[in-house]
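Q: need a structure here:
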Amino acid sequence: MGVSIFTGIAQGIQPLLSNGYGLGNHSIIKRVLKYALVTSLSIAIIMYLCIFTNVNSVIGIFNSEHNLEIAQLAKTGFRIYFMGFLFLAINIILTMYLSATERAKEAFTISVLRGCIIIVPLVLLLGKVWNMEGVWLSFVLTECIVATGAVFIVSIRKAQLTGQKVAG
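A: Below you'll find the predicted structure:
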């Protein structure tokens, strides 16, 4: 559900970003991107807090047999996994931003990094080190690593659009 919400926001901003880019109106681009990120991050925080505080109720929906072992695994897993939604929100919005401003290569790179290049090795590595908790954590760490890279790519892109020099 969270991915669908973030994707919906990203699809909603795409024409606004493309139009602003086409017009050369960087203030529209900046404002739309800011609103999208704030909205997505706010939703991600609310989702995480809802899961964290209502984890037993959510687990109860799927654990009709009331298996305590499954409930404990799910409780730990939900609380770890849904932290990744904070970074996921950023990644989906920034991917659309890059796509809408003629940076499809960078948008594609972010998607591929998220989808397989980073997560697969992390699942294997962290799963061996921390068992199931490591598997849950691999999603969070993947999204965090990719979000860090995406923010860096977008800062370079913004500097190019506005004609500023990039620090570093």
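
Q: C-alpha only now, for contacts and for neighbours.
A: OK.

Q: pLDDT wise, what is R157 at?
A: R157 carries a pLDDT score of 79 in this model.

Q: Mind telling me what element it is part of?
A: Secondary structure assigned from DSSP states H and E places R157 in helix 119-162.

Q: ok, so what distance separates E106 from V146?
A: Distance of E106 to V146, computed by C-alpha to C-alpha, to the nearest Å: 12 Å.

Q: So which of these two has more stuff around it?
A: Neighbours were counted for E106 and for V146 using other C-alpha atoms under 10 Å; V146 has more, 22 against 18.

Q: residues contacting that one?
A: Counting by C-alpha atoms under 8 Å, 6 or more residues apart in numbering, V146 makes contact with 91, 110, 113-114.

Q: just the angle between the helix or strand hosting T95 and helix 119-162, please?
A: Assigned by DSSP H and E, T95 belongs to helix 84-100. Using axes from the mean of the first three to the mean of the last three C-alpha atoms, to 10 degrees, the direction of helix 84-100 lies 50 degrees away from that of helix 119-162.

Q: Helix or strand next in line after helix 84-100, which one?
A: Counting by DSSP H and E, what follows helix 84-100 is helix 104-112.

Q: which strands and helices sit next to that following helix?
A: helix 84-100, helix 119-162 (3 or more C-alpha pairs under 8 Å, 6 or more residues apart in numbering; DSSP states H and E).

Q: one step back: and the angle for the helix holding R157 with helix 104-112?
A: Using the same axes, to 10 degrees: helix 119-162 against helix 104-112 is 150 degrees.

Q: where are the low-confidence patches of this protein?
A: In the predicted model of the chain, residues 164-168 satisfy pLDDT under 70.

Q: So for it, the centremost residue is which one?
A: The centre of the chain sits closest to L88, judged by C-alpha atoms, centre = their mean, with a distance of 1.0 Å.

Q: residues in contact with that residue?
A: By C-alpha under 8 Å, 6+ apart, the contact list for L88 reads 3, 143-144, 147.

Q: for T142, same thing?
A: 114, 118-119, 122 are the contacts of T142 under C-alpha under 8 Å, 6+ apart.

Q: Equivalent analysis for K128, please.
A: Taking C-alpha under 8 Å, 6+ apart as the criterion, K128 is in contact with G134.

Q: From F82, how far off is it?
A: In terms of C-alpha to C-alpha, K128 sits 21 Å off from F82.

Q: ok so, going back, tell me which of the helices and strands packed on helix 104-112 is the most buried.
A: Neighbour counts (mean count of other C-alpha atoms under 10 Å) averaged over each of these peak at helix 84-100, with a mean of 24.

Q: That'll do, ta.
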